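# show me the folded form of this:
(3 chains)
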Amino acid sequence: MSAFFANLLFTYQSLIYGLGINAILGLSMYVVLAIGQLSLGQAAFMGVGAYASSLLSVKLGLSFPVVLVAAAGVPAMLALLVSVPTLRLSGVYLAIATIGLGEVLRLFYVNWDYAGGALGLSGIPDRGGFFTIFGTLALLLAAAFAVGRSRIGRAMEAIREDEQAAGVMGIDVPRYKLAALVISAAIAGIAGAYNAHVTAFIAPGDYAFDNAVTILSYALLGGIGSPLGPVFGAFLLTALPELLRPLHDYRLVLNGLIIVSVVIFMPRGLFSWHMRRIGAAK
Amino acid sequence: MLGQQLLNGVVLGAVYALFALGFTLIFGVLGVINLTYGFYFSAGAFLALYFTQGLGISMMLALLLAGIVTGGIAVILDGLLLTPLRRAKAPELASLMVTLGATLFLYSLMSAYFGTDIRRLPPKVFTNVGFNWLGLHIETSQLLILVTMVVIVSGLGWLTQRTRMGLAIRALAENGTAAQLAGINAGAVTRIVSFLSGGIGGLAGVLIGMNYNAIEPYMGEQMMLKGFAVVIMGGLGNIRGALVAGLMLGVLETLTAGYIGSSLKDAVGFGLAVLTLWVRPVGLFGRATIKRA
Amino acid sequence: MTDALLEINHLGVRFGAVQALSDVSFRVEAGTIHGLIGPNGAGKTTAFNVISGLARQTSGQIRLAGVTLDQLPSYRRTRLGLARTFQNIRIFREMSVLENVLTGAHVQTGGSALDILLRLPRFRAAEREGVARARDILQLVGLESRAESGAGDLAYGDMRRLEIARALASNPKLLMLDEPAAGMNPSETQALRDLLLVLKKRGVTLLLVEHDMQFVMQLCEEITVLNFGALIAQGSPQEVRRDPQVIEAYLGTKTAHKLEQKS
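I've put the predicted structure just below:
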């Protein structure tokens, strides 16, 4: 059995890792969407996590847990910088402020010789792997459910539905928004670190606009009625193009089409099940 | 040297201003962030290429035609993507997401069809001729950019301030529900505004394509990033702000490239936009009417 | 005089060129039901929005139980004991009825983020307690049988009652109701009147905007009348009913004149 498992893992390694990493990215998107905000910087945050962690691994040889702290912390700081001024503004400001982030960071990486410049960074040690990635995914899912079924989850849903009314409930809306963005950036950063350490190579162009939109499509396709939606969405959109080669070439066309049709025809996504937001038995 | 830098900066800024003008017009009147706007820019450039190279039409006529066709595309896309959302009274961010998906779809389809190689206008179609004046050098395409910008801005000013249609547009921008109650045909105004902004976006694409003589599918995406910076700096939906901030960004980018380093040029806009959000979120000329939480 | 729960002093609100409220002062005494009335566009909802922190005044002060509210965001005002409903019902439609009430109890509900993540007994106990309290409130407004329904599926009158329940969940000192009886049938209105009297008995002070004059006159001890953003009358229902300015504002000069002749 375990030989079979090892064999499977070897053959489909990159697909299986991709499923887990993209599911984590889907969850990072979920955290923002669940509060009615839209960040288009998830790919950029992932990239910051990837670069921060890879540099620490390659240049300083730090241990993986330490590296992961930076992979979460650095993007979180960046999220603070970009999002604090938009908290009191309408949601479109955050979306446009984050949309340019990926491009600016790409320029930054390209010009940063220490980080490999335009060629990127290679020789990143092989760390993490199957159990780390899927263990993290499971932990994050459990946390998302625990939080969703508490006063915090109810406050987030209230903000998503009606910010003003949520404020009248005594909910500190800007603080919630800030926390959601920072946590989502940290999660994306961790996904970036995992990705960098299983692929051994990163380049400035890996975290561009297209990737940000793809991450959004995971969450929209799955729906945000529960944290499972974005995870299933990520599984589906990662596995399908790998299994059907013709889909692979038109992956971006398909992702774009999915976003358009889901928003117009299926605003609740494929998995429209709503989680109960109460943390105790009936 | 500085004079030449400033002139080039103003020309570049004129394109930014023109591009941002159409974008901010959509937001100001229709209240949506329409991300397909960047696609009109790419589409305009490709259409001009096709008109001149494929059909042998003159460059000036191609410029005009490209603007008209991209305006038409904008009307169709708005009808397909945003009208259903308006009808369903979908939340503000839904329109942003739907146009984001459409943008990804359109760009990737376009690059699948045309490839991502840079295309050029053949010399028989258009050649830049330089003029020298007071020690400054200006090219035909640069002149054309400045002239187009002046024509469009004054035309738009006349339309919105002096015509009945302009009154309807301003009424819709001010208060959608009240305008409709007062008998304004919101659908018609929406189509006109889409057409105008799509046309402006397309024209800007042709002009840039001509100026750098480089046309590729993703040129609109790059431009969109500048457009965002400009509208944040000028205040979302603020036309005067877009014009001033556009010119400012063009000049600052050129000076940065000239005196600091060309690699930093493209980061100027984003830096200024974030700075604006921190210091003065309503933009240079914004009124304090932003939605509060 | 000293136990006024809400004090409004010289409140003025301007939106651009429109003076929505000018120099409005009134006091709501603790333990009373206070009416705020006036024709359409008189500025009642603006006053509500400014008091609850959704809009800002351009001049004047607001004090709740002696605390100045002027610059506080709405969530801080809620924590000081203010709750409100909206004229155009703004319940959370994608949550259940019970979840709506629990959201209203946000400030009351305990449990730190760590308690929640680890699902500690402390957190579960707080949730159970919250649910029990929410069910009590639902029973009070007569919605206990709909606790598990989706809030968006409720009938109109039930949505209004849910909004009151949600506001009550924050344990307010002052409950502000914006047209609670709008769209209700006579028996629902009667039930609402009974509910408000029960709330008053429990010590909740009520500030009420309402168009149903009979409803207001029967319930309120004190009434403040606005017209075109200015205060035109104040007093007991009897006083207000006889005030010529009020009659004029409501009925127009001609009818007012006729009424005067009749009486």
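# what score does residue 163 have for pLDDT?
No chain was given, so I picked chain A. If you check residue A:163, the pLDDT there is 92.
# oops, chain B please
At residue B:163, pLDDT is 85.
# then residue C:2?
The model's pLDDT for residue C:2 equals 54.
# spell out which residues of the stretch 1-150 of chain A are next to chain C.
A:143, A:146-147, A:150 (Cβ under 8 Å from any Cβ of the partner chain). Any C-beta I mention is one placed from the backbone N, CA and C, and that applies to glycine too.
# the helix-or-strand element of chain B with minimal mean pLDDT close to chain A?
Within chain B, confidence by mean pLDDT, DSSP states H and E is lowest for helix B:176-181 among all helices and strands, at a mean of 72. No - using Cβ under 8 Å from any Cβ, helix B:176-181 never reaches chain A; the gap is at least 15.4 Å.
# from the chain's centroid, how far away is the helix or strand containing residue B:196?
Using DSSP states H and E, residue B:196 falls within helix B:186-212. How far helix B:186-212 lies from its chain's middle: 7 Å, per Cα atoms, centre = their mean, to the nearest Å.
# any idea how many residues pack against residue A:118?
Neighbour count for residue A:118, taken as other Cβ atoms under 10 Å in any protein chain shown: 13.
# scratch that, residue C:188
Residues within reach of residue C:188, counting by other Cβ under 10 Å, total 18.
# gap between residue C:148 and residue A:124?
51 Å (Cβ to Cβ, to the nearest Å).
# where strands are concerned, which of the residues of the stretch 1-150 of chain A next to chain C count?
Among these, no member falls in strands (DSSP state E).
# cross-check these against chain B and keep the overlap.
Among the residues of the stretch 1-150 of chain A next to chain C, proximity to chain B is found for none (Cβ under 8 Å from any Cβ).
# tell me the pLDDT at the closest residue to residue C:74 other than its chain neighbours?
Excluding its sequence neighbours, the residue lying closest to residue C:74 (Cβ to Cβ, 6 or more residues apart in numbering or on different chains) is residue C:53, at 3.5 Å. On pLDDT, residue C:53 comes in at 94.
# for residue C:53, phi and psi?
phi 90, psi 10 (degrees, to the nearest 10).
# equivalent analysis for the one 10 residues further on, please.
Main-chain dihedrals, residue C:63, degrees, to the nearest 10: phi -130, psi 130.
# beta-bridge partners for it, please?
residue C:7, residue C:68 (DSSP bridges).
# list, one by one, the residues from the stretch 51-200 of chain C near chain A.
With Cβ under 8 Å from any Cβ as the criterion, the stretch 51-200 of chain C meets chain A at residues C:52-54, C:73-75, C:78-79, C:83-84, C:86, C:90-96, C:98-99, C:102-104, C:106-107, C:109, C:111, C:113, C:116-119, C:123-124, C:127-128, C:130-131, C:166, C:170.
# so which strand or helix has residue 154?
Picking chain A for this. With elements taken from DSSP H and E, the one containing residue A:154 is helix A:151-161.
# try again with chain B
helix B:140-162.
# how distant is that helix from the center of its chain?
13 Å.
# next, see if the helix or strand following that helix gets close to chain A.
Using DSSP H and E, the helix or strand that follows helix B:140-162 in sequence is helix B:164-174. No - judged by Cβ under 8 Å from any Cβ, helix B:164-174 and chain A are separated, with a smallest distance of 15.9 Å.
# which elements pack onto helix B:164-174?
Secondary-structure packing of helix B:164-174 (3 or more Cβ pairs under 8 Å, 6 or more residues apart in numbering or on different chains; DSSP states H and E): helix B:2-30, helix B:140-162, helix B:176-181, helix B:186-212.
# can you point out the buried residues in the longest one?
Residues B:6-30 are the ones in helix B:2-30 that count as buried (16 or more other Cβ atoms under 10 Å in any protein chain shown).
# what does the shortest one give?
By neighbour count, and taking 16+ other Cβ under 10 Å as the criterion, the buried residues in helix B:176-181 are B:176, B:179.
# ok, that helix near chain C or not?
No - Helix B:176-181 lies out of reach of chain C by Cβ under 8 Å from any Cβ, never closer than 12.8 Å.
# doesn't residue C:25 lie inside a strand?
Yes - with DSSP: H, G, I helix; E, B strand; the rest coil as the criterion, residue C:25 is located in a strand.
# pLDDT wise, what is it at?
94.
# contacts only, for it.
For residue C:25, the contact set (Cβ atoms under 8 Å, 6 or more residues apart in numbering or on different chains) comprises C:8-11, C:60, C:231.
# apply 7 Å and report the result again.
If you count contacts by Cβ atoms under 7 Å, 6 or more residues apart in numbering or on different chains, residue C:25 has them with C:8-10, C:231.
# count of neighbours near the residue nearest to residue C:119 when sequence neighbours are not counted?
Among residues not flanking residue C:119 along the chain, residue A:146 sits closest, at 5.7 Å (Cβ to Cβ, 6+ apart). Neighbourhood size, residue A:146 [other Cβ under 10 Å]: 19.
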